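Peer 1: Sharing a sequence plus its predicted fold:
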Amino acid sequence: MAAGLTPAAALQLDHIIVGGDLTLREVTIQQYFGEIHRPDSASRNRRAMIEKVWANWITGFLQPSLPDDILLELGLTERPAMVTRALDLYVQRPDLAEHMQASSTRLIDIFDRLDHALLILGAPGAGKTTLLLTLARELLMRAAQDPEQPIPVMFPLSSWTQQRYPLANWLVDALSEQYDVPRKLGQAWIAADAILPLLDGLDEVAPEHRAGCVEAINTFRHDHGLLPLAVCSRVADYEALGTRLRLPGAVALQPLTPAQVDSYLTQVGQPLAAVRDALQEDPTLWELLDTPLILTIVTLAYRGEPVRALPMHEPPEVQRHHLFAVYVDRMFQHRSTITLYTRQRTERWLTWLARAMRDHGQTIFYLEWIQPNWLSGQWQQWLVTLLTVVMTGLLCGLLAGLLAGLVVWLRNGLSVGLGVVLAYGQVCGLFAGLVSGLSVGIKSPLVGGLIFGLPWGLFTWRLYPLSTGLAHGLVGGLIAGLGILLVGYSKEIKPIEKIRWSWSAARYKWINKLTISLLYGLGTGLVIGLNSGLRDGLHGGLVVWLLCWLVVWLREGLTVGEIGTKSSPNEGIKRSLHNALIIGLGSWLLCGLGAGLAFGLLGGLVSGLLGEPLDVDGWQFFGLWFGLLGGLLIGLRFGGRAYLCHFVLRLVLWQKNLAPLNYIRFLDYATDRIFLRKVGGGYVFAHRMLLEYFAAKYQPSAERQNCNTNG
């Protein structure tokens with residue numbers, strides 16, 4: 001039997017998952033890389049991926065969850081009947097009996113013997129994920145030493161439900177979203193069998209799609225037959241399936257025996273004497289303490305405490321729920337002296353987060369990927385859209401109004417300039433907000449332009465004759481339609497983490513975009529010509545044609561490039577804001593310069609062709625205004641909209657008392673209390689059973705209770 005556990009160490013345990021291959025010391029993956037360092041990009045990418053998986057799952061998750069000494073030895077049983085082998089279609093296996101493995105048997109040895117493909121089964125809390133991570137640790141060491149070995153990567157299967165792609169496609173998406181691997185590189189790795197998938201949580205796939213996930217894994221296994229692979233699942237959920245994984249073998253974690261539990265309680269000694277007494281009084285408690293997780297929870301919850309509050313002679317489900325409640329209470333009492341949030345708020349926010357993660361099939365919570373549809377009720381999701389429009393309008397109105405007021409002030413004095421700031425700013429605010437295309441989800445540039453141009457026309461009608469007001473409304477509608485075309489519309493928040501300029505994309509589409517821009521130019525020229533004459537119509541049409549082409553060409557040339565490495569929470573949204581500011585400012589300068597030159601030079605050209613002088617005074621103001629419009633639209637398209645919508649969503653969650661304003665600080669606080677664990681730039685609940693405990697406490701009516709303080 002392994003060494004004992006000191007009282008101080010017992011309080012720090014999160015899992016008691018042990019076995020012959022689980023002794024762990026603080027090591028880094030760099031110790032396993034060979035002395036020969038290859039400078040080529042392929043080797044750098046490979047090494048960076050190995051280090052990322054090690055940092056996220058071994059250093060960040062596995063090492064903090066295991067004690068230095070072995071306390072228990074969990075049994076492993078080989079269960080060949082749980083899988084289907086390829087030859088089973090032709091040859092019947094004579095021996096499907098279960099085989100108990102020796103206590104000294106390592107999982108990596110079983111994995112090697114079964115052709116490097118394995119199914120791991122166990123009860124909730126039995127240690128399946130931790131056992132899978134120990135396998136990942138051994139395989140990462142191999143991959144670091146041998147460049148021919150595939151890179152083992154943990155993939156929580158819960159998110160497969162969302163799209164239900166073929167597994168190869170889903171793995172590429174997961175590499176991109178969870179590990180920041182560029183899609184082209186991810187596709188190359190999957191195609192070349194350079195990634196060893198460790199698929200955790202088959203039971204976390206939605207029940208109605210679980211069989212489909214098994215088929216997707218079997219298809220992938222058939223197409224990549226020599227690729228090592230491991231799958232993890234709760235045994236009861238897997239046995240309920242009508243289909244089986246096509247793998248060489250399966251192992252199941254055995255429940256703790258009463259002798260193991262009693263031996264552990266004896267090692268801890270007096271602090272858990274009350275638990276031993278309760279077991280003698282109520283033998284049904286032995287059924288409750290059959291997994292390392294529950295034994296750990298008991299250790300943390302009742303260490304040095306009486307267990308009289310534990311429901312006696314109750315079903316295990318009732319006792320388990322009460323046990324988690326006591327565990328939560330002890331974590332609030334003992335984990336930290338710093339209290340940033342009240343217990344009521346902490347539990348409320350964790351309850352909502354657990355429910356949202358469960359309902360949307362999320363095992364790892366990435367703050368940048370939170371979506372409006374996480375809110376319950378269409379009206380709350382619509383509120384996010386509406387507030388995004390309002391804030392966009394206010395921002396645009398402020399910038400446009402200040403710019404217009406500054407120009408008028410320089411010409412006509414301060415009082416007139418302030419009037420323009422107020423009037424022009426309000427109208428431009430409404431107009432620009434609607435231009436963003438976010439308010440009602442209108443995807444048609446023509447329809448959206450006509451609707452959004454109406455307020456512009458009504459305003460100018462009050463200042464000018466009816467014909468001029470209608471003309472301004474139509475021109476504004478065309479510009480609004482262009483804005484919708486540029487910015488687009490999506491209910492999903494997609495962070496723009498890295499962008500690049502592609503000359504090939506710009507050259508390929510410049511003729512097509514020149515034709516589309518011609519339609520806007522003809523429409524604008526026709527409207528202006530009917531209202532102000534041939535000269536102004538020709539001039540306006542040419543200017544709008546070239547400027548629209550410039551803006552659309554810029555949009556097509558800017559493409560989302562390879563995603564950079566994220567090492568901190570919500571870095572994707574932060575990068576979206578950075579990209580929006582940089583691209584928006586650059587587009588403002590470029591569009592402003594282009595607008596000024598086009599207005600002046602084309603004015604001279606039209607004047608020469610028609611033999612009529614053309615007043616081009618004010619072209620500087622036109623350049624600044626159009627530069628603002630172009631920079632704003634392109635900035636919104638490349639990161640600005642994602643950041644603004646994310647910010648508004650966070651405001652709504654805070655106003656509904658579903659999350660704090662400073663979410664990262666709260667997540668770190670919950671991590672310190674061992675409710676969550678940090679994995680790279682994301683967070684996971686310490687155990688799925690803890691997530692289920694909090695999710696079960698969720699009350700939909702609670703979302704109607706508003707609270708405007710941060711706690």
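Peer 2: Yes, it's here.

Peer 1: All the strands of this structure, in order from the start?
Peer 2: Assigned by DSSP state E, the chain shows strands spanning 76-78, 99-100, 117-122, 151-156, 195-200, 229-234, 250-253, 499-501, 558-560, 676-679, 682-685.

Peer 1: can you list the ones you listed in TSV and add mean pLDDT and distance to T392?
Peer 2: For every residue, glycine as well, the C-beta is placed using N, CA and C. TSV is the format used below for those (pLDDT from 0 to 100; distance: least, Cβ to Cβ, whole Å):
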stretch	mean pLDDT	distance to T392
strand 76-78	91	58
strand 99-100	80	64
strand 117-122	95	49
strand 151-156	95	35
strand 195-200	96	40
strand 229-234	95	45
strand 250-253	94	53
strand 499-501	75	20
strand 558-560	70	20
strand 676-679	87	33
strand 682-685	90	29
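
Peer 1: nearest to G572, of those strands?
Peer 2: Among those, strand 682-685 comes nearest to G572, with 10.9 Å by Cβ to Cβ.

Peer 1: In TSV, list the strands of the chain along with distance to I664 and mean neighbour count.
Peer 2: As requested, the strands of the chain are arranged in TSV below (distance: least, Cβ to Cβ, whole Å; neighbours: other Cβ atoms under 10 Å):
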stretch	distance to I664	mean neighbour count
strand 76-78	39	19
strand 99-100	46	11
strand 117-122	33	25
strand 151-156	21	24
strand 195-200	25	24
strand 229-234	29	25
strand 250-253	35	24
strand 499-501	24	14
strand 558-560	25	17
strand 676-679	10	20
strand 682-685	9	22
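
Peer 1: okay, the ones you listed in JSON lines with distance to I493 next?
Peer 2: Below are the strands of the chain laid out as JSON lines (distance: least, Cβ to Cβ, whole Å):
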{"stretch": "strand 76-78", "distance to I493": "43"}
{"stretch": "strand 99-100", "distance to I493": "50"}
{"stretch": "strand 117-122", "distance to I493": "35"}
{"stretch": "strand 151-156", "distance to I493": "21"}
{"stretch": "strand 195-200", "distance to I493": "26"}
{"stretch": "strand 229-234", "distance to I493": "30"}
{"stretch": "strand 250-253", "distance to I493": "39"}
{"stretch": "strand 499-501", "distance to I493": "16"}
{"stretch": "strand 558-560", "distance to I493": "14"}
{"stretch": "strand 676-679", "distance to I493": "21"}
{"stretch": "strand 682-685", "distance to I493": "16"}
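
Peer 1: Would you mind telling me which of the ones you listed is nearest F332?
Peer 2: Closest among those, once you apply Cβ to Cβ, is strand 676-679, at 14.1 Å.

Peer 1: ok, that closest one: who's next to it in the sheet?
Peer 2: Here strand 676-679 has these sheet partners by DSSP bridges: strand 682-685 (antiparallel).

Peer 1: Need the residues that contact the strand it pairs with.
Peer 2: Around strand 682-685, the neighbours that count as contacts under Cβ atoms under 8 Å, 6 or more residues apart in numbering are 61, 178, 354, 357, 363-366, 569, 667, 670-671, 675-677, 691, 694.

Peer 1: Would you mind checking those for buried ones?
Peer 2: Neighbour counting by 16 or more other Cβ atoms under 10 Å classes 61, 178, 354, 357, 363-366, 569, 667, 670, 675-677, 691, 694 among the contacts of strand 682-685 as buried.

Peer 1: Tell me which entries of these lie within helices.
Peer 2: Using DSSP state H, the subset of those located in helices is Q178, A354, M357, L667, A670, L691, F694.
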